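Q: What would the 3D arrangement of this be:
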Amino acid sequence: MPDPLAPLFEALESINNELTTFHARVARLEDSGAVRGGSKQGGGDGEGAGDRVPGAPVVWHRIEDEEARAALWAEFTSWVIRMADTYELTTEQLPHACWWEHGAVVAELTALWTGWESSYGNEEDAAAGPYLWHDAWSRAVERIGRMWLGECTNGYHQQKSRTTWGTDPAYRKKILEAGAPGGGSAPKPKAA
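A: Take a look at the predicted model:
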């Protein structure tokens, strides 16, 4: 008579094998510093730029070490120039004269850069990464040209006519006093 618990023990053995494999993979990633808490990992958001694992997010304003920021900026700039040449970008897509002067463009390109590093630098699990990166690249280049550059596509930098939101403390105070939506603490609009 077959053991009625045999299928259960086989399933448990299979789960144990998967967990063992998963644990070994996580250990390898931690050893390489690709996982938060790994021995070589800097500050995941770019704070430890010198220890930064390729593909780790970069938040430029959080990098306090000027030397590390300058080295990371040089690496990033080289990547942007290489990609602009590789993909034959026009000034309508990415203005040659001033792309670095547009914070949103730098943020978009930084995300593309770290995504590229993740897609092409992960030998263990690249799979569809490069294809997905190209999809993100094409959408981002379209967004950059359409939304953020304004008059800069004509060969020189043109400041956008806009109000800077973060320079007026009274503006922030007004919003905070209005309260969060749905909280009932915001004053009711006055009838006209």
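
Q: What segments of the protein are helices?
A: 6-32, 66-86, 103-121, 129-143, 169-178 (DSSP state H).

Q: and among these, the most buried is which?
A: helix 103-121 (a mean of 18; mean count of other C-beta atoms under 10 Å). Heads up, the C-betas are built off the backbone N, CA and C, glycines and all.

Q: who touches it?
A: Helix 103-121 is contacted from outside by 54-58, 60, 76, 79-80, 83, 94, 99-100, 126, 129-130, 132-133, 136-137, 140, 143-144, 147-149, using C-beta atoms under 8 Å, 6 or more residues apart in numbering.

Q: rank the helices of the chain by mean pLDDT and give me the bottom one.
A: Comparing mean pLDDT across the helices of the chain, the weakest is helix 6-32, with a mean of 73.

Q: Against Glu177, how distant is Glu108?
A: Distance, Glu108 to Glu177, by C-beta to C-beta, to the nearest Å: 33 Å.

Q: try Glu142
A: Glu142 is 39 Å from Glu177, by C-beta to C-beta.

Q: repeat for Cys98
A: 38 Å.

Q: same thing with Ala127?
A: Per C-beta to C-beta, Ala127 is found 50 Å from Glu177.
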